[in-house]
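Participant: Below: sequence and its predicted model.
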Amino acid sequence: MNTSNPNGSSRQGELSPATLEFKREGNVVFCELKGVWKLEAKKIDFGLENKWKKLISSEPTPEEISFECNESLEWDSSLIVFLLCQKKEMDERGISFVVDYLPDSIRRLLSLSLKKSSTFNHPNKKNFKFLNSFDLLVNKVLSPLNFWGAWIQAIFGLLTGRSNLRIRDIIVACKNCGAAALPIVSLISFLTGLTLAFVGSVQLEKFNAKIYIADLVCLAMVREMGALMVGIVMAGRTGAAFAAEIGNMKLNEEIDALRIFGISPIEFLVLPRTIALIIMTPLLTVYADLVGILGGLCVGVEVMNFSVIHYVEQTQAALQSMWEIFSGLLKSLFFGLIIALVGCYKGMHTGNDSAALGKSVTSTVVLAVTLIVVSDALFEIIFSILDLR
Amino acid sequence: MNMSQKRALIEVRNLDLEYDDYKVLQNVTFDLNEGECLVIMGGSGCGKSTLLKSMTGLLQPADGMVKVDGQNLWSGSHSERKKILRKFGVLFQGGALWSSMTVLENVCLPLQIHTSLSECDYEEIGRYKLNLVGLSGFENFSPSELSGGMRKRAGLARAMVLDPKVLFFDEPSAGLDPLNSRRLDDLINELKESLGITFVVVSHELASIFEIADDSIFLEADSKELIAQGIPQDLLNDDTQPKVQEFLRRGP
């Protein structure tokens, strides 16, 4: 592509800058390209640019500008780009662009880049209109509802024995979202119990009621923090994983492949995951309650010098009925459902590129945590209205 | 072949396809005869894969109909559609193997869901199908451990596992070396003749088009319509439309 020239080439590092020399003969301007027209050579100096501007806007406007150059000119794409730019400007002013005296290779490249490529019109973005935005809103509400409906339908199918659900899938999902989460749940709930005990002890010391730290830690864990902490950990851990797994399957056309074989992705992918999470979240919550109480016990024994038996007895006394525990488990069951449905929904509705996958994972965590906290508050309000606390 | 012996297995009539109000194809009409291989041709972005999607029940057309064996694919209920789709096998562009399962499990899952065979029996069938595409010995590999060509062949084994009447291929030779692509063409011809399977192939691999096609349709992106139909060799010889000629001759 490059016509090299042993004579005209200057030494490395000091390429002579690209220049133009004009010669006007009546209405025709001859323009000779000189110097080295290469990307690494210096840009055309501004004086030249001004001269060029003056030339094409001079009166009377030249009818034709003809480019020419020595066969041995050194050039690369920068020359072609320069010529194309000038052509555009000249076309606007109605000056004809003549390249007949340029070497063949340059002319070929020019004509190649001047050829119209078939234009593809991108679908126009819709104008913002009230009805359109209303439509969008309805879609946003309807699509999760649709998903939820399909899920409920699948559950009914399962209950009436018309389902392709494989028990193995549930067990694998249980292992992934339950057993594998034990370490992180242990750490988080132990520290939660510990922190509750430290915070509470300062307050209770003022009333000289330090032993009630056992009641505080126990009730707070069992009613509230156990379920909430497990919910948040699972949203970040399992919900995100669901969205990523299913989203990736969608990108790979694996979901389409399931549909082709008449296998409903809701039954095959969503149902095992939701069922596993609904089973595992309450179990993990029981575990988190215990570990949290253990965290409180550590503070009680080590820092406040209660005996282990004393602390345990106080804890037992605090739990007046099993409802204290069940209310927490009821909540965690709902949290599990929320996490699984949000994760699977976001996965199934991922866009068609990997950026969209990241986005849907993020929004899974955000939406699931928000819903968990909101529904937790709702539960507490309902419990207090119903006099269940 | 005698014209009267041919029977249209799939009839597509006045099909309009769009994504969210963006029209991809309009007024597409063609027939697909039983036991033949139809190639869908056209430049990129002309809606080949979209047409395939609507024929395989993945994308609801905006208008028009697809009839399979005389039954309308899109007007019936969900379960009726499922029944029609049982006659189909689809090989996706990247194979679309289920990544959480081994190759053998991938091939066997449709059998497991749709038949009441014992585990021993369906694994036997799965092995046989893998053998057919030259993948015996790879049963317990996970899809990520296979090369692109092998994934495609495993996808083909899975697509064939329920003995479909129609096999749909979305760009079978994309990403394959010339030799493997040739082998796939031979396999298609072999299956067509020995099992009487009907093929619908989306392709722009010219060599392979001339090799396998009994019939072809040419889609065009600007008018969004079907602009030519026939045996590729005949199109090459007789069709006068510059776009078709350019495509089939790789240039003007």
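Facilitator: Yep, that arrived.
Participant: residue contacts, the closest residue to A:L219 other than its chain neighbours?
Facilitator: Setting aside the residues directly before and after it, A:L219 is nearest to A:A318 in space (CB to CB, 6 or more residues apart in numbering or on different chains), at 5.8 Å. (Glycine included, C-beta is placed from N, CA and C.) By CB atoms under 8 Å, 6 or more residues apart in numbering or on different chains, A:A318 lies in contact with A:214-215, A:218-219.
Participant: among the residues you listed, which are in strands?
Facilitator: Residues of the contacts of A:A318 located in strands (DSSP state E): none.
Participant: Give me the subset of those residues lying in helices.
Facilitator: Taking DSSP state H, the ones among the contacts of A:A318 that sit in helices are A:214-215, A:218-219.
Participant: can you put the contacts of A:A318 in JSON lines and add neighbour count?
Facilitator: Conversion of the contacts of A:A318 to JSON lines gives the following (neighbours: other CB atoms under 10 Å in any protein chain shown):
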{"residue": "A:A214", "neighbour count": "26"}
{"residue": "A:D215", "neighbour count": "18"}
{"residue": "A:C218", "neighbour count": "26"}
{"residue": "A:L219", "neighbour count": "19"}
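Participant: which one of those residues is nearest chain B?
Facilitator: A:C218 (41.0 Å; CB to the nearest CB).
Participant: secondary structure class for the nearest residue to B:G148 once chain neighbours are set aside?
Facilitator: Nearest residue to B:G148, sequence neighbours excluded (CB to CB, 6+ apart): B:G175, at 4.9 Å. Put simply, B:G175 is coil when judged by DSSP: H, G, I helix; E, B strand; the rest coil.
Participant: OK, contacts around B:G175?
Facilitator: Residues near B:G175 by CB under 8 Å, 6+ apart: B:148-149, B:152.
Participant: what sits against A:S163?
Facilitator: The neighbours of A:S163, taking CB under 8 Å, 6+ apart as the test, are A:154, A:157, A:267, A:271.
Participant: Close to chain A: what parts of the stretch 51-200 of chain B are there?
Facilitator: For the stretch 51-200 of chain B, the residues in contact with chain A (CB under 8 Å from any CB of the partner chain) are B:53, B:56-58, B:82, B:85-86, B:88-90, B:92-94, B:96-100, B:109-110, B:112-114, B:158, B:162.
Participant: Walk me through the domains of the chain.
Facilitator: All of this refers to chain A. Domain segmentation of chain A under automatic domain parsing yields A:19-114, A:163-385.
Participant: Please refer instead to chain B.
Facilitator: Domains of chain B are assigned by automatic domain parsing as B:1-87+B:167-247, B:95-163.
Participant: I'd like those laid out as CSV, including distance to A:P60 and mean pLDDT.
Facilitator: Output for the domains of chain B, formatted as CSV (distance: least, CB to CB, whole Å; pLDDT from 0 to 100):
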stretch, distance to A:P60, mean pLDDT
domain B:1-87+B:167-247, 43, 85
domain B:95-163, 64, 87
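Participant: Closest to B:G42 out of the contacts of A:A318?
Facilitator: A:L219 (69.1 Å; CB to CB).
Participant: OK, contacts around whatever residue of the stretch 51-200 of chain B ends up closest to chain A?
Facilitator: Nearest to chain A in the stretch 51-200 of chain B, going by CB to the nearest CB, is B:A96, at a distance of 3.9 Å. Counting by CB under 8 Å, 6+ apart, B:A96 touches A:252-254, A:256-257, B:155.
Participant: you'd agree it is in a helix?
Facilitator: No. Counting by three-state DSSP, B:A96 is located in no helix; its state is coil.
Participant: Now do it against B:M41, distance only.
Facilitator: 22 Å (CB to CB, to the nearest Å).
Participant: same deal with B:E171?
Facilitator: Applying CB to CB, the value for B:E171 to B:M41 is 11 Å.
Participant: what about the longest helix in chain B?
Facilitator: Ranked by residue count under DSSP H, the longest helix found in chain B is helix B:178-195.
Participant: Now do the buried residues in it.
Facilitator: For helix B:178-195, the neighbour count (16 or more other CB atoms under 10 Å in any protein chain shown) marks B:180-181, B:183-185, B:187-188, B:191-192 as buried.
Participant: Which pLDDT does the model give A:Q314?
Facilitator: On the pLDDT scale, A:Q314 is placed at 93.
Participant: give the contact list for it.
Facilitator: A:211-212, A:214-215, A:306.
Participant: Name the pair among those residues with the greatest separation in space.
Facilitator: A:D215 and A:F306 (12.5 Å).
Participant: can you give me phi and psi for the residue nearest to B:G148?
Facilitator: phi 80, psi 10 (degrees, to the nearest 10).
Participant: ok, now how distant is B:S194 from A:L136?
Facilitator: Using CB to CB, B:S194 is found at 52 Å from A:L136.
Participant: With A:L55 instead?
Facilitator: A:L55 sits 54 Å away from A:L136, going by CB to CB.
Participant: Of these two, which one has the most company?
Facilitator: Neighbour comparison, A:L55 and A:L136: the larger count goes to A:L55, with 17 against 11 (by other CB atoms under 10 Å in any protein chain shown).
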